[in-house]
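1. From the sequence below, what's the structure:
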Amino acid sequence: MQSREYPEIGEKLYEETLPNGLRLRVVPKAGFSTFFAAFAVNYGGAHRRFELDGEKIDTPAGIAHFLEHKMFDMPGGDSAINILSANGADPNAFTSEDVTCYYFECTHSFEENLRLLLRFVSTPYFTPETVEKEQGIIGQEIRMGEDDPGDAMYYNLYKLLYPEHPVKDRIAGTVESIAKISDKTLYDCYNMFYRPSNMVLSVAGDIDPEKVLKIALEELSPARKSVPVADFPEFKSMLPAESIICENMEVSAPQFMIGAKLRPEKEGSKALRQDLVAKLSLRLLAGYSSPLYTKLYFSGLLSRNFDYECNITAGTGALILGGESPKPMEVLKALNLEVERINKEGLDSERFERAKRASLGARLRGLEDFENVCVSLIFCLFEGYCAFDALKVLGSITKEECEEFIREHFAPERLAVSIIEAKR
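-> Sure thing, here's the model as predicted:
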């Protein structure tokens with residue numbers, strides 16, 4: 001395997017692309033007792049339409065999440081979760097808009113557990129009976145999610161930002177959409193996307209990288225296959241379809257999200273820099289030490305229940321900040337005033353450097369979390385860059401880049417607001 005040194009963070013990364021196209025990343029952690037492995041496919045909730053051999057294929061909302069649930073079923077009635085758990089591992093999985101990831105953590109029997117992980121993700125087993133049973137289970141999960149104000153607020157915001165894109169739909173789908181899923185549908189989507197050439201295996205722990213490579217070569221199909229191309233609709237306007245949406249739910253206090261579109265860069269190094277500039281700009285604009293948050297917190301318009309994020313996924317990008325407030329529209333007004341002030345006066349140089357150091361510190365702390373390391377490597381690889389390059393690039397970002405980013409992306413006409421108000 002090829003190795004890359006990162007002396008500024010004290011890490012060494014081993015990487016290899018197998019003949020079947022699988023990208024393998026191993027981060028040795030000498031002296032640690034914990035192992036973590038994640039096996040992920042570049043396929044998620046928004047991959048609903050794709051092209052194969054010139055043909056457009058449409059699938060129901062929720063199919064990727066449904067497939068994630070059913071992948072744990074093994075022939076003969078066994079469950080991969082039970083098998084891994086009995087072997088001392090703590091397994092789980094998740095589906096995002098554009099990635100499905102299966103993973104486990106353990107302190108012993110790592111090589112055996114890794115073989116089990118690769119085997120069950122490479123062994124689809126679906127029957128009409130088990131699919132029907134899962135429709136009932138996931139249907140209950142969907143109904144519970146519909147009562148979650150955070151979920152409602154998030155997807156309502158995306159309906160304003162991306163009304164024509166599948167990213168606006170719940171990853172789990174709807175009760176009606178999953179009713180269209182059959183064992184054949186699952187096999188078709190599995191065979192299309194669950195190919196080593198469309199997957200990444202990421203491992204961290206006190207492990208020999210060459211052993212991981214050997215296991216991957218032994219357990220996975222050697223055949224290299226092309227993968228279908230996701231057919232995401234292009235968006236031309238950077239303005240939201242509408243500026244505000246409100247919904248009444250059982251909440252103790254009004255909740256809100258303010259969002260703006262971000263057009264993702266497609267080239268790897270540019271995509272990395274864009275992501276870092278976006279997150280640093282959000283920290284400067286709305287972080288806990290920012291003038292905006294401080295002012296709104298002491299005036300009672302914001303609580304500690306407040307956060308922000310840059311979400312780049314499935315060909316879309318969104319800058320989001322939100323939390324609880326008795327007057328969400330007053331928060332929006334204050335945000336617009338703060339952006340106007342920054343446009344006139346610029347960012348404070350000392351506070352900019354402090355925010356950058358805080359961002360660097362947060363990333364360094366994240367290296368202690370094996371799950372964070374492995375999952376970050378996966379997501380970044382699918383975006384075309386290496387997560388370990390982030391610290392060096394972050395150090396080179398300038399105050400002027402963040403000022404320009406805020407000026408461009410937080411113009412008043414670019415903002416949309418999703419509000420959940422208490423039922424009266």
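
2. and the gap between Ser376 and Leu13?
-> Distance, Ser376 to Leu13, by Cβ to Cβ, to the nearest Å: 12 Å. Glycine gets a C-beta too; all of them are placed from N, C-alpha and C.

3. what do you get for Cys106?
-> From Cys106 to Leu13 the distance is 21 Å (Cβ to Cβ).

4. Tell me which helix or strand in this protein has the weakest average pLDDT.
-> Least confident helix or strand, the chain: strand 49-52 with a mean of 78, by mean pLDDT, DSSP states H and E.

5. Tell me which residues of that one come out buried.
-> Neighbour counts using 16 or more other Cβ atoms under 10 Å place Phe50 of strand 49-52 among the buried residues.

6. From the contact counts, what lies against the helix or strand just after it?
-> The first helix or strand that comes after strand 49-52 along the chain, using DSSP states H and E, is strand 55-58. Packing partners of strand 55-58 (3 or more Cβ pairs under 8 Å, 6 or more residues apart in numbering; DSSP states H and E): strand 49-52.

7. Now do stretch 153-165: everything it contacts.
-> 46, 167-170, 232-233, 235, 240-245, 247, 255-257, 259-261, 314-316, 318, 320, 322, 416-420 (Cβ atoms under 8 Å, 6 or more residues apart in numbering).

8. Output that stretch as CSV, restricted to C-alpha atoms.
-> What follows is stretch 153-165 as a C-alpha-only set of coordinates in CSV (Å, rounded to 0.1, in the frame of the first residue of the first chain):
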residue,chain,number,x,y,z
MET,A,153,-38.2,22.2,9.9
TYR,A,154,-35.2,20.8,8.0
TYR,A,155,-37.2,19.3,5.1
ASN,A,156,-39.4,22.3,4.9
LEU,A,157,-36.3,24.5,4.4
TYR,A,158,-35.1,22.2,1.6
LYS,A,159,-38.4,22.5,-0.1
LEU,A,160,-37.8,26.2,-0.3
LEU,A,161,-34.2,25.8,-1.4
TYR,A,162,-34.4,22.8,-3.7
PRO,A,163,-38.1,22.2,-4.7
GLU,A,164,-37.2,20.1,-7.8
HIS,A,165,-34.4,18.1,-6.2
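
9. Do you have the strands of the stretch 1-150 of the chain handy? List them.
-> 2-6, 11-17, 23-28, 35-41, 49-52, 55-58, 89-95, 100-106 (DSSP state E, counting those that start in this stretch).

10. hey, which of the ones you listed is tucked in deepest?
-> strand 35-41 (a mean of 26; mean count of other Cβ atoms under 10 Å).

11. Pull out the buried residues from stretch 186-206.
-> Buried, per 16+ other Cβ under 10 Å, within stretch 186-206: 186, 189-190, 192-205.

12. Keep only those of the residues you listed that are in helices.
-> 186, 189-190, 192-193 (DSSP state H).

13. Show the pLDDT at Arg407.
-> What the model reports as pLDDT for Arg407 is 97.

14. what do you get for the one 3 residues further on?
-> On pLDDT, Phe410 comes in at 98.

15. what's the answer for the one 3 residues further on, then?
-> What the model reports as pLDDT for Glu413 is 97.

16. out of everything not next to it in sequence, what's closest to it?
-> Leaving aside its chain neighbours, Glu413 sits nearest to Leu239 (6.1 Å; criterion: Cβ to Cβ, 6 or more residues apart in numbering).

17. So the one you found versus Phe388, what's the distance?
-> 36 Å.

18. more crowded one of these two?
-> More neighbours surround Phe388 than the other of Leu239 and Phe388, with 23 against 16 (other Cβ atoms under 10 Å).
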